[in-house]
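**Q** Predicted model, plus sequence, below.
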Amino acid sequence: MESDASPSRPHDAYDDLAAADRARERLSGHLQLPRGMRPALACAVAVQIATAGVGLAEQTTVGAGLMVAGLLVLAAVAGWFLHRFRQLNGVRVSGLTGRVVLGTGATSSLSYVVALAGSTWAASASQWALVGVAAVAGGAGWALGASQWWAAYRGDPAAHAQGPSRHVLTVLAMAACLGLVVLVVVG
């Protein structure tokens with residue numbers, strides 16, 4: 001059986017790749033985040049930081065319940081907005097979940113760690129207003145990191161499309177859980 005297709009030439013492959021690059025850039029230029037996504041995530045992160053700070057400082061069953069409640073709030077808001085993004089755009093963007101929603105970018109991660117430490121210290125010193133200030137600052141830093149990544153992604157989708165692998169996220173989650181256990185046992 002013979003094929004009617006002519007053999008592929010190198011310049012045909014180059015043209016195909018260039019067309020794919022142009023299509024990706026056109027698509028990324030039209031992608032939109034759902035309205036209110038960054039402020040809602042900032043608020044959810046602030047709630048999570050505040051509840052985690054109080055929970056770590058209290059080290060009681062109620063404190064553990066607060067930490068779980070904060071995580072559930074963040075998970076619900078993140079899940080809802082990822083769903084809305086996919087509905088709005090009809091695509092998944094590699095890196096969006098990790099960099100924007102899970103805050104694995106440098107700015108988001110650093111602001112989260114500093115805010116959680118500040119919130120935990122403030123809660124242990126019964127400085128409730130400072131718990132709120134630290135939590136709000138952490139949420140704002142998270143939103144800033146999300147905005148930075150989104151702008152960078154839209155400017156050069158190929159360079160910013162990859163988020164951390166599932167293996168890296170799993171290892172980080174396990175380390176965070178282990179750290180939490182150590183804090184509860186030692187405290």
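**A** Sure thing, it's come through.

**Q** hey, let's count contacts and neighbours off CA atoms from now on
**A** Noted.

**Q** which stretches of this protein form helices?
**A** For the chain, the helices defined by DSSP state H occupy 10-30, 37-58, 61-89, 106-124, 128-155, 157-160, 166-186.

**Q** Using a markdown table, please lay out those helices together with mean neighbour count, mean pLDDT and distance to residue 96.
**A** Compiled in a markdown table, the helices of the chain are given as follows (neighbours: other Cα atoms under 10 Å; pLDDT from 0 to 100; distance: least, Cα to Cα, whole Å):
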| stretch | mean neighbour count | mean pLDDT | distance to residue 96 |
| --- | --- | --- | --- |
| helix 10-30 | 12 | 63 | 12 |
| helix 37-58 | 25 | 94 | 12 |
| helix 61-89 | 17 | 92 | 9 |
| helix 106-124 | 21 | 91 | 13 |
| helix 128-155 | 22 | 91 | 8 |
| helix 157-160 | 15 | 64 | 10 |
| helix 166-186 | 12 | 69 | 13 |
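
**Q** Out of those, flag the one nearest residue 98.
**A** helix 166-186 (8.3 Å; Cα to Cα).

**Q** Tell me which of the helices of the chain lies nearest to residue 100.
**A** helix 128-155 (4.5 Å).

**Q** contacts for stretch 115-123?
**A** With Cα atoms under 8 Å, 6 or more residues apart in numbering as the test, stretch 115-123 has contacts from 49-50, 52-54, 56-58, 128, 130-132, 134-135, 137-138.

**Q** Now for the residues you listed: which two are most distant?
**A** Between any two of the contacts of stretch 115-123 (Cα to Cα), the greatest distance is 21.5 Å, for 58 and 137.

**Q** Can you pull the phi/psi pair for residue 90?
**A** phi 70, psi 10 (degrees, to the nearest 10).

**Q** contacting residues around it?
**A** Contacts of residue 90 (Cα under 8 Å, 6+ apart): none.

**Q** Relative to residue 36, how far out is it?
**A** 18 Å (Cα to Cα, to the nearest Å).

**Q** can you check residue 114 too?
**A** 25 Å.

**Q** how close does residue 91 sit to residue 46?
**A** 28 Å.

**Q** meant to ask about residue 69
**A** Going from residue 69 to residue 46 by Cα to Cα gives 13 Å.

**Q** now swap in residue 132 and tell me
**A** Counting by Cα to Cα, the gap from residue 132 to residue 46 is 8 Å.

**Q** Check residue 88 too.
**A** 26 Å.
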